[in-house]
Each structure stands twice: as structure tokens, then as C-alpha cells.
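Asks: What would the 3D arrangement of this be:
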Amino acid sequence: MILYDDPSGAATAFATDLGERLERLGAYRREGRPWRPHVTVLRFDKRAGLHPEVTNICSFRAVRTALYSSALRPGGAQYQALETAALGGR
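Replies: Just a heads-up that it's a prediction; the model follows:
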């Protein structure tokens, strides 16, 4: 994952609000640990024992965030933006 700063708290507020809404719908259960502003780069269903080499370390400023729903289709994954929000960066 790529971690980033959230000086205004907007990303954390968005994630908290989204988690609470999804919990009320019965579609999600929040973890006990605090949420960290991040972008998931790679995910496995099970621990694969892989240790990919980090080849490029850089900084970036996120200005918007989006929640996507993904569905696997015969022609490839199909993504639909469910919600977007400004994070206050420039």
C-alpha cells in the first residue's frame, strides 16, 4: 500500500462515514485498528509469501478519492465509481 498524509482529516472523515454507512447496511465490519490514508497497490486472497521489490519511492498529493465497485466479466473487469470526494489537496 501507499500511505499518505491527511492533514485536513478529510480522507479519514470520508472513510469513517463510508464505513459507518456500510455497517448500517450490514455490508461491512470495520476493523478495530484506526484507518490509515492509503492506496492499495497489490492484494492477495491469501498470503502468497511474495516480497516484491520496491523499485521507485516517490511522493504525491491526492486531491480526490473514489470508491469503486468491480465486477469480473468475460471481457475483463468492469469498474463503476460509486462515490467520489474531494480531499482538499492541490
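
Asks: For residue 17, report the pLDDT, please.
Replies: Reading off the confidence values, residue 17 has pLDDT 90.

Asks: Any regions of the protein where pLDDT drops low?
Replies: Applying pLDDT under 70 to the chain flags the ranges 1-2, 41-50, 52, 54-60, 89-90.

Asks: Tell me which residue lies nearest the centroid of it.
Replies: The chain has residue 39 as the residue nearest its centroid, 5.0 Å off, counting by C-alpha atoms, centre = their mean.

Asks: Quick check: that residue touching residue 66?
Replies: No. Using C-beta atoms under 8 Å as the test, residue 39 is too far from residue 66 to be in contact (10.9 Å). All C-beta atoms are positioned from the backbone trio N, CA, C, and that covers glycine.

Asks: As a check, name the ranges of all helices in this protein.
Replies: Counting by DSSP state H, the chain has helices at residues 10-25.
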